[in-house]
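**Student:** no FASTA, just this:
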């Protein structure tokens, strides 16, 4: 049985991506040997975390990933969110391992946070369809509208993350929709992009009523 190491940085407030990851874990555990490595964004030492932000790496997270790879010896490494405790530095460790690696892109943050300038973020539009950022005459790409420092730290992360997922040939990128897939290809990403919608476990059986003239969707 193949072994999969799943890596995910949980959000401070549980959201759709966290739930999607949990559902996928349940699915994969039925067919593979799975080890889950969760990171969270609770800050133990603010000084240490600030240094990691400036360095744009988290040495502690890299060590944890390296030890899990050595101990578990996975056939596949499957990465979801890495902001911010996991950090982009784990990709360097994973690349050295030469293990097949998959990254799932649950949103467009990788694109919205790759530049310091609002003009490049909007790319000629008045607002961003992905994150809602609007043209406001300000130079800085304030991804977090009310927090300049957090925006800068995210952009430092986002610029590096964007380069990694775009240029590392050993990565397979999973996206949720055909639109995301065509979007990546239009921005010169490699052909290693696969559509893979989130898994939803149906709790009840539903019968299609052909007499209805509408649908309900979420």
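**Tutor:** All right, it came through fine. It should be emphasised that the depicted structure is a prediction, and the values quoted were computed from it without experimental measurement.
**Student:** Give me the secondary structure label for residue 36.
**Tutor:** With DSSP: H, G, I helix; E, B strand; the rest coil as the basis, residue 36 sits in strand.
**Student:** In contact with it, which residues?
**Tutor:** Neighbouring residues of residue 36 by C-beta atoms under 8 Å, 6 or more residues apart in numbering: 6, 8, 25. The C-beta positions use only the backbone N, C-alpha and C, and glycine is treated the same way.
**Student:** Tell me the one of these nearest residue 57?
**Tutor:** Lowest distance from residue 57 to the contacts of residue 36 (C-beta to C-beta) belongs to residue 8, with 18.4 Å.
**Student:** Not counting sequence-adjacent ones, nearest residue to that closest one?
**Tutor:** Nearest non-adjacent residue to residue 8, counting by C-beta to C-beta, 6 or more residues apart in numbering: residue 80, 4.0 Å away.
**Student:** Take the contacts of residue 36 and write them to CSV, including pLDDT.
**Tutor:** CSV is the format used below for those (pLDDT from 0 to 100):
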residue, pLDDT
6, 98
8, 98
25, 98
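**Student:** Please type out the ChimeraX selection for whichever of these turn out to be buried.
**Tutor:** Here is the ChimeraX command that selects the buried residues among those (16 or more other C-beta atoms under 10 Å):
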select :6,8,25
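**Student:** Quick check: which ranges of this structure have low pLDDT?
**Tutor:** 205-207, 218 (pLDDT under 70).
**Student:** Return the list of helices and strands in contact with the longest helix seen in the chain.
**Tutor:** Longest among the helix segments of the chain by residue count, using DSSP state H, is helix 148-167. For helix 148-167, the elements it packs on are helix 109-112, strand 171-175, judged by 3 or more C-beta pairs under 8 Å, 6 or more residues apart in numbering; DSSP states H and E.
**Student:** could you redo the last one with a cut-off of 6 Å?
**Tutor:** Packing partners of helix 148-167 (3 or more C-beta pairs under 6 Å, 6 or more residues apart in numbering; DSSP states H and E): none among the helices and strands.
**Student:** Other residues contacting it?
**Tutor:** Residues outside helix 148-167 that contact it (C-beta atoms under 6 Å, 6 or more residues apart in numbering) are 53, 56, 88, 91, 103, 110, 113-114, 116, 142-144, 189.
**Student:** The same query, at a cut-off of 8 Å, please.
**Tutor:** Helix 148-167 is contacted from outside by 53, 56, 82-84, 87-88, 91, 103, 105, 109-116, 140-144, 171, 173, 188-190, using C-beta under 8 Å, 6+ apart.
**Student:** Give me the ChimeraX select line for those, limited to the buried ones.
**Tutor:** With 16+ other C-beta under 10 Å as the criterion, this ChimeraX line picks the buried residues out of the contacts of helix 148-167:
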select :53,82,83,84,87,88,91,103,105,109,110,111,112,113,114,115,116,141,142,143,171,173,189
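**Student:** which non-adjacent residue is nearest the residue positioned nearest the centre of the chain?
**Tutor:** The chain has residue 81 as the residue nearest its centroid, 3.6 Å off, counting by C-alpha atoms, centre = their mean. Spatial nearest neighbour of residue 81, chain neighbours left out: residue 9 (4.6 Å); criterion: C-beta to C-beta, 6+ apart.
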